[in-house]
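>>> got a structure for you, letters missing:
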């Protein structure tokens, strides 16, 4: 059993937070600029480092003493993170595997990642980041030949690369809650992304970059999630990370693995900024239900998916309660059941976090305390009532 924890101090607007266990579904909610995305970027960085440490340990344990990986903190901090991580910052990430603890730390702008992981504790991580700028992808892909060498930031290009890889393999995607279908047409000039109705495909067909903004946000998100749930090949990723290096260094003959790559536990972590962008309230609710179904139920048997997301949406957070409620139901319900042990919801404010998970006094069931999300509507109604029109 693998368990992750993280401690972050003095990184951007984050004063000090500690999460004793990162759950498979972890949500961060809060005001704009509260630090939600900063937390996501710190977590994905530390998970990436842990992935690299695992590969380095795998090679060392297989009699390959020279590692292909050299960690330089200044090269790892992307898109403004270099300014947020200062000499006062402390980041401590710990993984516990069946009682054994492995830690990576950043302090005083120095990285401490010189750890060796035992064969029995080795895992294979894959980190994906889906940026809030994902709606640019359709336009970017339609004009990519004219933008060679152009850059829109590390996290955008990470998202773009995942979508590009996904659409190299999948032929299409149905988004039932929008009654939309994505179809991918491959030509000698590149890929064409076509949107039509699922129910009436003959009624209209348009290019993705001409679709609504909500569609342009949702399609890359769900295509990437589908890809990592089913089509992403750990074997090919392993070859790129390990075997190609050994071949180039003429060290394949020395390679004596004590554990096969196929026997490693495999985790895919998806880090997602603002899934709700440009979607109406009902679509936001349907989206989180769709993602929960994909992450926990509809994926290949050789992997475990985790989802970490930053959101402003009260509809998404309240829908989590519906999915939690479904786990207690004895009847068939149209919602994927969300085991309370899989989820945590944190509010980010004043540089700290607090969990919104609670227990319902009447039923004893796990719930998210969503009372704070009703306050803006109550304030609006109060102001409306206070305006005198006579």
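It's in. What you see is a predicted model, and the numbers here were worked out from it, not measured in a lab.
>>> from here on, contacts and neighbour counts on C-alpha atoms
Noted.
>>> And stretch 349-367, end to end?
Criterion C-alpha to C-alpha, to the nearest Å; first-to-last residue distance in stretch 349-367 is 21 Å.
>>> Tell me how many other residues crowd the closest residue in space to residue 50 that isn't next to it in sequence.
Of all residues not flanking residue 50 in the chain, residue 104 sits nearest, at 7.5 Å (C-alpha to C-alpha, 6 or more residues apart in numbering). Neighbouring residues of residue 104 were enumerated by other C-alpha atoms under 10 Å; the total is 20.
>>> One more: residue 266?
Here the number of neighbours of residue 266 (other C-alpha under 10 Å) works out to 17.
>>> and the helix or strand residue 51 falls within, average pLDDT?
Assigned by DSSP states H and E, residue 51 belongs to helix 36-61. Over the span of helix 36-61, the pLDDT mean works out to 92.
>>> Could you list every helix and strand in contact with that helix?
Under the contact criterion of 3 or more C-alpha pairs under 8 Å, 6 or more residues apart in numbering; DSSP states H and E, helix 36-61 touches strand 25-30, strand 100-107, strand 123-130, strand 265-273, strand 304-311.
>>> Which residues does the next helix or strand after it contact?
Remark: after helix 36-61, the chain's next helix or strand is helix 73-76, criterion DSSP H and E. Contact with helix 73-76 is made by 45, 82, 109, 110, 111, as judged by C-alpha atoms under 8 Å, 6 or more residues apart in numbering.
>>> Tell me which stretches of the stretch 151-300 of the chain form strands.
Secondary structure of the stretch 151-300 of the chain by DSSP state E, counting those that start in this stretch: the strands cover 172-175, 180-187, 190-197, 205-207, 265-273.
>>> got the contact list for the fourth one?
What it means is strand 205-207. By C-alpha under 8 Å, 6+ apart, the surrounding residues in contact with strand 205-207 are 192, 193, 194, 195, 196, 197.
>>> Filter those residues down to the buried ones.
Burial by neighbour count, judged by 16 or more other C-alpha atoms under 10 Å, picks out 192, 193, 194, 195, 196, 197 from the contacts of strand 205-207.
>>> now the helix or strand hosting residue 139: how far from the chain's centre is it?
Remark: residue 139 resides in helix 137-142, with elements defined by DSSP H and E. Put simply, helix 137-142 sits 21 Å off its chain's centre (C-alpha atoms, centre = their mean, to the nearest Å).
>>> Can you list the buried residues in that helix?
Going through helix 137-142 with 16+ other C-alpha under 10 Å, the ones that come out buried are 137, 138, 140, 141, 142.
>>> when you compare where the longest strand belonging to the chain runs with where strand 100-107 runs, what's the angle?
What stands out as the longest strand in the chain, according to DSSP state E, is strand 85-97. With axes from the mean of the first three to the mean of the last three C-alpha atoms, to 10 degrees as the criterion, the two stretches strand 85-97 and strand 100-107 enclose an angle of 180 degrees.
>>> Each with direction, which strands does strand 85-97 pair with?
Based on DSSP bridges, the pairing partners of strand 85-97 within the sheet are strand 2-11 (antiparallel), strand 100-107 (antiparallel).
>>> Who are the contact partners of the closest residue to residue 15 other than its chain neighbours?
The spatially closest residue to residue 15, leaving aside those adjacent along the chain, is residue 351, at 4.5 Å (C-alpha to C-alpha, 6+ apart). For residue 351, the contacting residues are 13, 14, 15, 16, 17, 34, 35, by C-alpha under 8 Å, 6+ apart.
>>> To which secondary structure element is the fifth one assigned?
Of the helices and strands defined by DSSP H and E, residue 17 is found in strand 14-19.
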